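Undergrad: Below: sequence and its predicted model.
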Amino acid sequence: MAVMGMAGCGKDEGPAETGAIGAPGSAPAASEPVSAQAPVAEPAPAPEAGLPPQSARVTFAAAGLPDSLIDDGCYSCHDVSGARIGPPLRAVAGLYRNNPQALDTLTLKVLHGGGGVWGPTPMIAHPQLSTEQVRPMIEAILKLN
């Protein structure tokens, strides 16, 4: 066997052997049992593109929220009770529940975006939605306890 270089300490006594044990792309040595190699994990099945995890549907449904909150992507930033990119929907309900302008304020915030209430991360605008689509979502959120 050729002497391997000591590249790690800056002293090269010679070129590194290309077929050395443990070298990238090398086959195991004859004395090394094949079973000593790490098992190859099967890749997890990829979720279908654009679909939320099933757990999000279950959580939102259990809270009495409409499917539109999932279908329109609200789950991407908001959870029912836990913080994500945006505030938990229960926290939104708690802050705005007694505000007589909440329905209009939050509808506009969903449609046009906004920030400053929950920290530095702004609410992105959702211009693809209409007021008629957003208002029932906001009404359902405001009913959360």
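TA: The structure has been received and is ready for your questions.
Undergrad: Listing request: residues of the chain with sub-threshold pLDDT.
TA: The model of the chain has pLDDT under 70 over residues 1-54.
Undergrad: And the helices in it?
TA: 54-62, 68-71, 89-96, 102-112, 131-142 (DSSP state H).
Undergrad: Relative to residue 122, which of those helices is closest?
TA: Closest approach to residue 122 among these (C-beta to C-beta): helix 102-112, 9.8 Å. C-beta here means a position set from N, CA and C on the backbone, and glycine is covered the same way.
Undergrad: between the helices of the chain, which one is nearest to residue 118?
TA: That would be, of the helices of the chain and by C-beta to C-beta, helix 89-96, which comes in at 8.1 Å.
Undergrad: just checking, what packs against the closest one?
TA: With contacts defined as 3 or more C-beta pairs under 8 Å, 6 or more residues apart in numbering; DSSP states H and E, helix 89-96 has these neighbours: helix 102-112, helix 131-142.
Undergrad: about what we covered before: now the helices of the chain as CSV including mean neighbour count and distance to residue 78?
TA: Shown next, in CSV, are these (neighbours: other C-beta atoms under 10 Å; distance: least, C-beta to C-beta, whole Å):
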stretch, mean neighbour count, distance to residue 78
helix 54-62, 14, 9
helix 68-71, 17, 8
helix 89-96, 18, 5
helix 102-112, 17, 11
helix 131-142, 16, 9
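Undergrad: Output those helices as CSV; include the columns distance to residue 118.
TA: Output for the helices of the chain, formatted as CSV (distance: least, C-beta to C-beta, whole Å):
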stretch, distance to residue 118
helix 54-62, 19
helix 68-71, 17
helix 89-96, 8
helix 102-112, 11
helix 131-142, 14
